[in-house]
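K.L.:
here is my input; please provide its structure:
(chains A and B)
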Amino acid sequence: GQSLEQPSEVTAVEGAIVQINCTYQTSGFYGLSWYQQHDGGAPTFLSYNGLDGLEETGRFSSFLSRSDSYGYLLLQELQMKDSASYFCASRDSSYKLIFGSGTRLLVRP
Amino acid sequence: DVKVTQSSRYLVKRTGEKVFLECVQDMDHENMFWYRQDPGLGLRLIYFSYDVKMKEKGDIPEGYSVSREKKERFSLILESASTNQTSMYLCASSLAGTPGANVLTFGAGSRLTVL
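P.N.:
I've put the predicted structure just below:
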């Protein structure tokens, strides 16, 4: 089966950098994705890592180490609007995409 | 603008009722998914479909069934609703292959309350 672990909550200050970690266990691995969900909204795709290393998309970056079964999402120059829940998700050899329980990020002024 | 549309935003049903949740996507995506979301539990996969008339169980299929008669439409059915099925239900779709299958587009969600 698949399981993903991530911290339940993280707090950071506006303008700072925050890292949200995700460790996973999967039988077969076809990449790690990250999604953002604001309260009352639907999850939206942020980033995908299929290979080891760092992927950068503006203020957001995502990292993957397959040998450590570990990844993280890095948010730079935090803004108030970044307050949301962030989910990591992994896929096995089928099209089954399993999500972690989510990390709630609170950005303080 | 790509879209996944869920038929009902809010529903209130009684215990034992049959409930249909409809989802339509206009992106010609091969894969479609139904998740439920509960506080502290994240998104849990109920069923997914990778082709018309094909379905696979997710992690929590008990008490649910699905139907995919057309590529663009994926329905979730609660044969006899129970109070523990009160939840937010999210439909999503994706392309086949890699990395497309890792990029889900979600609908706005259907909040179901079973009394």
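K.L.:
going by C-alpha atoms from here, please, whenever you check contacts or count neighbours.
P.N.:
Will do.
K.L.:
which residues in the chain form strands?
P.N.:
All of this is about chain A. Along chain A, counting by DSSP state E, strands occupy A:3-5, A:9-13, A:18-25, A:32-37, A:44-49, A:53-57, A:60-65, A:70-75, A:84-91, A:97-99, A:103-108.
K.L.:
wrong chain, I was asking about chain B
P.N.:
Under DSSP E, chain B gives strands at B:4-6, B:10-13, B:19-25, B:31-38, B:42-49, B:56-57, B:65-70, B:73-78, B:87-94, B:105-106, B:110-114.
K.L.:
between these, which one is closest to residue A:75.
P.N.:
Checking the strands of chain B against residue A:75 by Cα to Cα gives strand B:42-49 as the closest, at 20.6 Å.
K.L.:
show the contacting residues for the closest residue to residue B:41 other than its chain neighbours.
P.N.:
Leaving aside its chain neighbours, residue B:41 sits nearest to residue A:101 (5.1 Å; criterion: Cα to Cα, 6 or more residues apart in numbering or on different chains). Contact analysis of residue A:101 by Cα atoms under 8 Å, 6 or more residues apart in numbering or on different chains lists A:4, A:5, A:6, A:8, A:87, B:40, B:41, B:42, B:43.
K.L.:
select only the buried ones of those residues in PyMOL?
P.N.:
Buried subset of these, written as a PyMOL selection, criterion 16 or more other Cα atoms under 10 Å in any protein chain shown:
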select buried, (chain A and resi 4+5+6+87) or (chain B and resi 42+43)
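K.L.:
so which of the contacts of residue A:101 comes closest to residue A:96?
P.N.:
residue B:43 (12.4 Å).
K.L.:
identify the bridge partners of the residue lying closest to that closest one once chain neighbours are set aside.
P.N.:
Excluding its sequence neighbours, the residue lying closest to residue B:43 (Cα to Cα, 6+ apart) is residue B:37, at 4.7 Å. Going by DSSP bridges, residue B:37 is paired in beta bridges with residue B:43, residue B:88.
K.L.:
show me which residues of chain B are close to chain A?
P.N.:
B:31, B:40-45, B:48, B:50, B:58, B:90, B:96, B:98-99, B:101-109 (Cα under 8 Å from any Cα of the partner chain).
K.L.:
please repeat the previous calculation with a cut-off of 7 Å.
P.N.:
Counting by Cα under 7 Å from any Cα of the partner chain, chain B comes close to chain A at B:40-43, B:45, B:101-109.
K.L.:
so what's residue 55 up against?
P.N.:
The chain I'm using is chain A. Applying Cα atoms under 7 Å, 6 or more residues apart in numbering or on different chains to residue A:55 gives the contacts A:49, A:61, A:62, A:63.
K.L.:
wrong chain, I was asking about chain B
P.N.:
With contact set as Cα under 7 Å, 6+ apart, residue B:55 has these partners: B:47, B:48, B:49.
K.L.:
now the residue in chain B that chain A sits nearest to: closest residue in space, sequence neighbours ignored.
P.N.:
Residue nearest to chain A within chain B: residue B:42 (3.8 Å; Cα to the nearest Cα). Distances taken as Cα to Cα, 6+ apart put residue A:101 closest to residue B:42, at 3.8 Å, once the chain neighbours are dropped.
K.L.:
kindly state the pLDDT recorded for the one you found?
P.N.:
Note on residue A:101: pLDDT of 93.
K.L.:
distance of it from residue B:37?
P.N.:
As defined by Cα to Cα, to the nearest Å, residue A:101 lies at a distance of 10 Å from residue B:37.
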